[in-house]
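just a sequence and a predicted model for now, questions to come.
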Amino acid sequence: MREKRRSAIRPVRGPETVTQPLPFGHVPSASLAAGSTGVASRHVGGEGNGTVGEALEDPTGSSHEALKPRGEEHLPRHTPRRAAVVRETGRLAAAVVPTAAIALTTMDAGLAQRLVATAVLCVIWAICLGIGYAVGGPSLTALGPRVGPARGVALGLVTATALGAWFPRLHLSIGATFLTAAVIFATAAVWEGVALRHITPAKRLLIIGSGSGVLDLIRDIRIGHGGGYEVTGVVHDADDQPFYGGVPVLGRSTDLHEIVAEHRPDIVVLAPGPNRPQTFGRLLEAAEAGFRVVELAQFYEHAYGRVPVRDLTRAWFMSVLHLYQRPYPKVAKRSVDLIGSCVLLIVTLPLLPLLALLVRRSPGPIILRQLRLGEHGKLFTIFKFRTMYVDAEAHGMAVWSHADDPRVTPVGGIMRRLRLDELPQLWNVVRGDMSLVGPRPERPEFLAELNATVPFWTRRHLVKPGLTGWAQVRQGYTASAEATSDKLSYDLWYIRHRSLTVDIAICLRTLAVVLQGDRRARVKPKLDLFTVETPARGTELEKI
């Protein structure tokens with residue numbers, strides 16, 4: 001049975017029409033609508049550009065041509081080596097072309113001096129941008145393709161400004177330097193998006209194991225959340241079905257050496273399951289194939305910026321406490337919190353009286369005081385602008401809100417979308433109850449429900465709660481204990497990967513939400529954070 005299955009999925013050479021299981025990823029909507037299981041009828045060989053034919057004729061090659069959505073057929077992905085050359089060339093052009101154009105047109109000097117200064121600036125910006133790309137890691141990958149250019153531009157901005165101060169004969173103006181930085185960042189960010197979607201070949205995944213975590217991963221890649229990955233097949237010992245979740249089953253774990261040698265995956269993803277020592281030994285025997293191995297939870301961290309809570313084990317939390325875990329000094333984080341909150345208080349101070357007058361249009365207090373769970377589960381009082389009517393919880397019971405909740409005032413709805421109702425919490429940050437970035441604090445009334453519904457929910461209290469957080473910018477608000485599990489997956493990712501760079505990236509994303517408005521708040525239910533409670537519930541409500 002195993003030999004028949006493997007021969008059924010092996011690419012067939014020759015100019016005939018064959019029924020061929022293909023690598024999974026980037027499936028067209030038409031195929032999904034028709035209930036495609038990953039099997040497609042393709043013509044191998046013959047005339048044409050040869051891209052698909054070559055991909056199927058070389059089962060041991062480093063790249064497969066996956067099915068692409070309609071409208072992208074004219075943008076074929078390159079081979080890995082060619083893609084690397086094209087990507088690096090584009091990165092170099094993103095640094096050099098804007099620098100040369102701005103420097104040559106803005107410098108007030110002779111031609112020879114302008115050429116020398118332009119050459120120096122091009123080298124500086126190219127090196128700094130290259131450093132920004134090189135100093136990466138799993139956390140930066142999950143934050144998105146703009147983080148590398150942002151770090152490089154920040155380094156280049158400091159270097160170019162210092163160079164202009166040290167060598168005034170170069171005639172490097174501050175305005176031109178900042179303009180160069182802005183143009184380089186915009187150009188590099190756009191290029192990274194184009195390269196990720198249309199140039200860099202998708203990495204081939206081989207999944208070992210079965211269960212809900214494997215099916216979730218296949219589904220995430222199927223619906224378009226692959227982020228440059230495609231599943232070539234699954235290896236498991238559960239049954240003899242030819243497909244698992246729409247992906248070909250390539251064999252059993254005892255055949256790993258032959259499967260890896262034949263299909264040449266870039267990454268092997270290990271799902272939780274039995275016989276791990278034997279699996280590790282077989283993968284070690286096939287190590288000459290040049291693949292990388294990662295656990296399922298770590299792959300989600302790298303590709304999606306979250307943790308699969310349903311398949312998480314207690315051993316994962318040991319990585320948070322590991323000796324080699326890069327620390328985020330409390331002094332540095334507290335300094336950033338104090339400086340950032342004071343700056344934001346000064347900037348938004350003229351806006352606070354206006355918001356208070358708008359809230360006052362409906363009866364009730366302007367600011368609410370409410371108990372929340374802080375670091376290590378310690379209770380503290382949070383401050384918020386009121387966004388609901390005063391009788392939102394007439395019975396004194398904490399409830400979840402829903403879409404178009406009638407309890408939300410018209411002004412409150414606008415403030416929620418723009419996150420302006422959170423501004424009084426800057427005082428909580430100054431007091432040390434909260435941080436600028438961290439998991440959002442929850443109400444103690446929901447503690448029992450969340451503990452019973454969401455695994456490891458209290459582990460989010462390992463760090464201080466935040467004014468904003470990774471779960472806030474990625475998931476928005478939730479309307480039930482079950483939906484809170486998705487937010488917890490992002491909170492746990494932040495707890496493990498928190499750093500100054502991550503905090504700055506989250507703050508910038510939050511700024512974009514404030515300027516554009518949280519569109520998800522208009523269509524998604526939202527947790528009731530602003531309710532009137534009776535003293536019997538243990539929450540104090542005062543007018544300030």
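Done, it's in.

OK, contacts around the nearest residue to residue 254 once chain neighbours are set aside?
Distances taken as C-beta to C-beta, 6 or more residues apart in numbering place residue 282 nearest to residue 254, at 7.5 Å, with adjacent residues excluded. Quick note: C-beta positions are derived from backbone N, CA and C, even for glycine. The contact partners of residue 282, taken as C-beta atoms under 8 Å, 6 or more residues apart in numbering, are 253, 254, 256, 257.

farthest-apart pair in those residues, please.
The most widely separated members of those are 253 and 257, with 10.4 Å between them, by C-beta to C-beta.

what bits of this protein have low per-residue confidence?
By pLDDT under 70, the weakly predicted segments of the chain are 1-78, 136-140, 170-171, 224-227, 322-325, 392-405, 477-482, 517-544.

which residues in it form strands?
Remark: strands assigned in the chain by DSSP state E are 17-21, 39-43, 203-208, 229-235, 243-244, 247-251, 267-270, 292-295, 367-373, 379-385, 435-437, 466-468.

take those strands and lay them out in CSV including distance to residue 407.
Listed next are the strands of the chain as CSV, based on distance: least, C-beta to C-beta, whole Å:
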stretch, distance to residue 407
strand 17-21, 53
strand 39-43, 51
strand 203-208, 46
strand 229-235, 43
strand 243-244, 46
strand 247-251, 46
strand 267-270, 45
strand 292-295, 44
strand 367-373, 14
strand 379-385, 15
strand 435-437, 29
strand 466-468, 24
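
of all those, which one comes closest to residue 452?
Among these, strand 367-373 comes nearest to residue 452, with 15.8 Å by C-beta to C-beta.

rewinding a little: just the buried ones from the contacts of residue 282?
Among the contacts of residue 282, those classed as buried by 16 or more other C-beta atoms under 10 Å are 253, 256, 257.

turn these into a markdown table, including distance to residue 448.
Listed next are these as a markdown table, based on distance: C-beta to C-beta, whole Å:
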| residue | distance to residue 448 |
| --- | --- |
| 253 | 41 |
| 256 | 45 |
| 257 | 50 |
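
closest one of the residues you listed to residue 407?
residue 253 (54.6 Å).

doesn't residue 278 make contact with the closest one?
Yes. Here residue 253 reaches residue 278: they are 7.0 Å apart, a contact under C-beta atoms under 8 Å.

remind me, longest helix of this structure?
Across the chain, the longest stretch assigned as helix under DSSP state H is helix 80-106.

quick one, that helix and strand 203-208 angle?
Counting by axes from the mean of the first three to the mean of the last three C-alpha atoms, to 10 degrees, helix 80-106 lies at 140 degrees to strand 203-208.

so what does helix 80-106 touch, helix or strand wise?
helix 111-134, helix 147-166, helix 174-198 (3 or more C-beta pairs under 8 Å, 6 or more residues apart in numbering; DSSP states H and E).

pick the most buried one from those helices.
Sort those by mean neighbour count, taking mean count of other C-beta atoms under 10 Å, and helix 147-166 sits at the top with a mean of 19.

hey, C-alpha coordinates of it in PDB?
Extracted in PDB, the C-alpha atoms of helix 147-166 (Å, rounded to 0.1, in the frame of the first residue of the first chain):
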ATOM      1  CA  VAL A 147      11.000  46.100  10.000                       C
ATOM      2  CA  GLY A 148      14.300  45.500   8.200                       C
ATOM      3  CA  PRO A 149      14.100  48.700   6.100                       C
ATOM      4  CA  ALA A 150      13.000  50.600   9.200                       C
ATOM      5  CA  ARG A 151      16.100  49.600  11.200                       C
ATOM      6  CA  GLY A 152      18.400  50.200   8.300                       C
ATOM      7  CA  VAL A 153      16.900  53.700   7.700                       C
ATOM      8  CA  ALA A 154      17.100  54.600  11.300                       C
ATOM      9  CA  LEU A 155      20.800  53.600  11.400                       C
ATOM     10  CA  GLY A 156      21.400  55.500   8.100                       C
ATOM     11  CA  LEU A 157      19.700  58.600   9.400                       C
ATOM     12  CA  VAL A 158      21.900  58.800  12.500                       C
ATOM     13  CA  THR A 159      25.100  58.100  10.400                       C
ATOM     14  CA  ALA A 160      24.300  60.600   7.700                       C
ATOM     15  CA  THR A 161      23.400  63.300  10.200                       C
ATOM     16  CA  ALA A 162      26.600  62.700  12.100                       C
ATOM     17  CA  LEU A 163      28.600  62.800   8.900                       C
ATOM     18  CA  GLY A 164      27.100  66.200   8.000                       C
ATOM     19  CA  ALA A 165      28.000  67.600  11.400                       C
ATOM     20  CA  TRP A 166      31.600  66.200  11.300                       C
END
